[in-house]
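[1] Can you look at this prediction? I've put the sequence above it.
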Amino acid sequence: MFASLSDRLSATFKSLRGKGRLSESDIETTVAQIRRALLDADVAVPAVRAFTAAVREQAGGVEVSEALNPAQQIVKIVHAELVEILGGESRELSLAKHPPTVIMLAGLQGAGKTTLAGKLGRWLREQGHTPLLVASDLQRPNAVNQLQIGGGQAGVPVWAPEPGNGVGDPVEVARSGVARARDKHHDVVIVDTAGRLGVDTEMMGQAADIRDAVQPDETLFVVDAMIGQDAVTTAQAFAEGVGFTGVVLAKLDGDTRGGAALSIRTVTGKPVLFASTGEKLTDFERFHPDRMASRILDMGDVLTLIEQAEKAFDERQAAEIAEKLSGDGDFTLDDFLSQMQQMKQLGSMKKMLGMLPGMGQMREQLENFDERDVVHVEAIVQSMTPAERANPKILNGSRRSRIARGSGTTVTEVNQMVERFDQAKTMMRSMARSGGRGGPGGLPGMGGMPGMGGMPGAGKKSKGRMQPPPKNRKKGKSGNPAKRARQEREAAERAAKAKSGSSFGVGATTDEVDPDSLSLPPGFEKFLGR
């Protein structure tokens, strides 16, 4: 969603590179460019004014730093102000001292309240709570049925005494839902309320009546992040008519400019608590202003990536694979397939890669990434016999042809997958032997996933088979005595240097991969067991 804003800000910072210090004109030019970028992103004018004023004040009073150049100083200031405009520190849900905690969802029709109720219920269940969903949206057709389906998928019970579709009293349903939760010992109640296509008196009256009936501990305003400035107008109307304690941004995976996310906190003063980033129940996360600011500035969101990976990966299985890579066994295609399947549990590969620092510079490759490539790799491996998975070296022409037919791919794709597997295996083994950095405890296959180009998911660069690099031919000895003597002397020096150890450590060979050259993003040490 913030791609356009991120690109504009990156271009602004790039223009400051090479400058020794910031002048008044540099600051004014930079602030003007940031203002235009925010306005183009549909950020509310009051928020833009507050943001640019803070950046101008901070940049004008910043001391010259020996560690940071002007561009880095501006990035630091903008990052701090983005965190502030997005809400500062993350806030937890306010839980009642005496259960159940009542959470009321409010917002316009189509904002995604019913879907969000299922996501929030699932998230709370994973946190150790016992939530109950209450179907108080009796106006929209099939809203009750939709909540029942969502609750079933999330593993959360639903209280729906009325069929909906215009039948029943939503206030009484909400009141009875809280009583039901108290009787059945549910510690959290999530009340789904009705919305309208626009803000009207009837809608506000009904929401206020439900609020008065259940006395919610949290009233969450669910806003569609794709509707731009209308989101701010609607938020103001709800704040005045019903009141809310927090905001949930839905459809944050959209392709709009994202101004609503940067405006609501400034306009309403209420924090953003959660973000919905997709259609699946798992596409739901806590909203962290500092992490969102880092994403906007193309600094990545490694902490969220690590948290998701910790949930998806099996520690015991990762330890077994680490032993194989360290030399006690052989890393086979079966191991690779299991890692691939665990990576799929993280969700969209495109979204996962987008959390890495600097990936804004590879946005075109990410956009062209085809999630089906992962499925093709799985199909190829699953079409092999156990012996072939254990030892890919036995794959001759007829075997590869059979595998291609069984997986619905071509022999060329099978060849590419095997080549990529060998490359990834070599790299991961070198990394594991050097101390586990980037090994199976990390994100498997990230250094070159079979069948998906140089970057995971970047796509194939060509339809043909990737050509191996040209072999270095050994030069013959010169017929000139002086030149031949120089060649022999240089060869002796190279041999002595190799014997004493290379620049990457004693005994390092050209076939090994230097882990420090991989430039893994900071923050992975926690997840890699360091």
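    Sure, I can see it. Numbering: from 1, shown residues only.

[2] Please, where are all the strands along the stretch 1-150 of the chain?
    Under the criterion DSSP state E, counting those that start in this stretch, strands of the stretch 1-150 of the chain are mapped to 101-106, 131-135.

[3] partners of the last one in the sheet?
    The sheet places strand 131-135 alongside strand 158-159 (parallel), strand 188-192 (parallel), with pairing taken from DSSP bridges.

[4] and if you look at the longest one?
    Here strand 101-106 is paired, per DSSP bridges, with strand 188-192 (parallel), strand 218-224 (parallel).

[5] With respect to those strands, which exhibits the lowest mean confidence?
    Per-stretch mean pLDDT for those is lowest at strand 218-224 (a mean of 89).

[6] Now tell me what touches the very next helix or strand once past that strand from outside.
    Where DSSP states H and E defines the elements, the next helix or strand beyond strand 218-224 is helix 229-241. With contact meaning C-beta atoms under 8 Å, 6 or more residues apart in numbering, helix 229-241 is reached by 42, 44, 106-108, 199, 204, 207-208, 221, 223-225, 227, 244, 247, 259-260, 263-264, 267-268, 270. For the C-beta atoms, the positions are set from N, CA and C on the backbone; glycine is no exception.

[7] where's A491 relative to A482, distance?
    To A482, A491 is 15 Å away according to C-beta to C-beta, to the nearest Å.

[8] if you count what's nearby, which of those two comes out ahead?
    A491 (11 against 8; other C-beta atoms under 10 Å).

[9] Which of the helices or strands spans that one?
    Applying DSSP H and E, one finds A491 within helix 481-500.

[10] List the contacts of H186.
    For H186, the contact set (C-beta under 8 Å, 6+ apart) comprises 99-100, 130-132, 157, 180.

[11] For stretch 227-247, buried residues please.
    227-228, 230-232, 234-235, 237-239, 242, 244-247 (16 or more other C-beta atoms under 10 Å).

[12] Max pairwise distance over those residues: which two?
    Distance extremes for the buried residues of stretch 227-247: the farthest pair is G228 and T245 at 23.6 Å, using C-beta to C-beta.

[13] Select, out of the strands paired with strand 131-135, the one closest to S383.
    Using C-beta to C-beta, those put strand 158-159 closest to S383, at 42.2 Å.

[14] average pLDDT across stretch 387-396?
    89.

[15] Span of that stretch from start to end?
    13 Å (C-alpha to C-alpha, to the nearest Å).

[16] Pull out the buried positions in it.
    In stretch 387-396, counting by 16+ other C-beta under 10 Å, buried: 388-389, 392, 395.

[17] thinking again about what came up before, of the contacts of helix 229-241, just the buried ones, ChimeraX syntax please.
    To isolate the buried members of the contacts of helix 229-241 in ChimeraX, using 16+ other C-beta under 10 Å:
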select :42,44,106,107,108,199,204,207,221,223,224,225,227,244,247,259,260,263,264,267,268,270
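
[18] quick revisit: single out whichever of the buried residues of stretch 227-247 has the smallest pLDDT.
    The lowest pLDDT within those belongs to G228, which sits at 65.

[19] who are the neighbours in contact with V173?
    V173 touches 134-136, 138, 159-162, counting by C-beta under 8 Å, 6+ apart.

[20] Mind doing that once more with 10 Å?
    134-138, 144, 159-162, 164, 191-193, 210, 213 (C-beta atoms under 10 Å, 6 or more residues apart in numbering).

[21] now do A135
    Contacts for A135 were tallied using C-beta under 10 Å, 6+ apart; they are 114, 117, 143-148, 151, 158-164, 168, 170, 173-174, 177, 191-193.

[22] Buried members of these into PyMOL, please.
    Buried residues among these (16+ other C-beta under 10 Å), as a PyMOL selection:
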select buried, resi 114+117+143+144+146+147+148+151+158+159+160+162+164+168+170+173+174+177+191+192+193
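
[23] From the contacts of A135, which land in helices?
    Per DSSP state H, helices hold the following members of the contacts of A135: 114, 117, 143-148, 151, 170, 173-174, 177.

[24] so can I have TSV of these showing pLDDT and distance to E285?
    Formatted as TSV, those follow (pLDDT from 0 to 100; distance: C-beta to C-beta, whole Å):
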residue	pLDDT	distance to E285
T114	91	19
A117	93	16
A143	90	25
V144	92	27
N145	93	27
Q146	93	22
L147	93	21
Q148	93	25
G151	93	20
P170	92	29
V173	94	29
A174	93	27
G177	94	26
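
[25] Closest one to L93 out of the residues you listed, please.
    A117 (14.3 Å).

[26] list the contacts for the closest one?
    103, 105, 131, 133-135, 137, 146-147, 150-151, 154, 156, 158, 190-193, 220, 222.

[27] OK, contacts around the residue lying closest to it once chain neighbours are set aside?
    Spatial nearest neighbour of A117, excluding adjacent residues (C-beta to C-beta, 6 or more residues apart in numbering): D192 at 4.6 Å. By C-beta under 10 Å, 6+ apart, D192 lies in contact with 104-106, 113-118, 120, 133-137, 143-144, 146-147, 150-151, 158, 160, 170, 173-174, 177, 222.

[28] can we see that at 7 Å?
    Going by C-beta atoms under 7 Å, 6 or more residues apart in numbering, D192 touches 105, 113-114, 117, 133-137, 147.

[29] biggest helix in this protein by residues?
    helix 411-433.

[30] For that helix, which helices and strands make contact with it?
    With contacts taken as 3 or more C-beta pairs under 7 Å, 6 or more residues apart in numbering; DSSP states H and E, helix 411-433 sits against helix 372-382, helix 397-407.

[31] Let's see that helix as PDB, backbone CA atoms only.
    What follows is helix 411-433, C-alpha atoms only, in PDB (Å, rounded to 0.1, in the frame of the first residue of the first chain):
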ATOM      1  CA  VAL A 411      12.500 -31.300 -18.400                       C
ATOM      2  CA  THR A 412      14.100 -27.900 -18.400                       C
ATOM      3  CA  GLU A 413      12.300 -26.900 -15.200                       C
ATOM      4  CA  VAL A 414      13.300 -30.200 -13.600                       C
ATOM      5  CA  ASN A 415      17.000 -29.500 -14.600                       C
ATOM      6  CA  GLN A 416      16.700 -26.000 -13.200                       C
ATOM      7  CA  MET A 417      15.200 -27.200  -9.900                       C
ATOM      8  CA  VAL A 418      18.000 -29.700  -9.400                       C
ATOM      9  CA  GLU A 419      20.700 -27.200 -10.200                       C
ATOM     10  CA  ARG A 420      19.200 -24.700  -7.700                       C
ATOM     11  CA  PHE A 421      18.900 -27.300  -5.100                       C
ATOM     12  CA  ASP A 422      22.600 -28.100  -5.400                       C
ATOM     13  CA  GLN A 423      23.500 -24.400  -5.100                       C
ATOM     14  CA  ALA A 424      21.300 -23.900  -2.100                       C
ATOM     15  CA  LYS A 425      22.600 -27.000  -0.400                       C
ATOM     16  CA  THR A 426      26.200 -25.900  -0.900                       C
ATOM     17  CA  MET A 427      25.500 -22.400   0.500                       C
ATOM     18  CA  MET A 428      23.500 -23.700   3.500                       C
ATOM     19  CA  ARG A 429      26.100 -26.300   4.300                       C
ATOM     20  CA  SER A 430      28.900 -23.700   4.300                       C
ATOM     21  CA  MET A 431      26.800 -21.400   6.500                       C
ATOM     22  CA  ALA A 432      26.000 -24.200   8.900                       C
ATOM     23  CA  ARG A 433      29.600 -25.100   9.300                       C
END
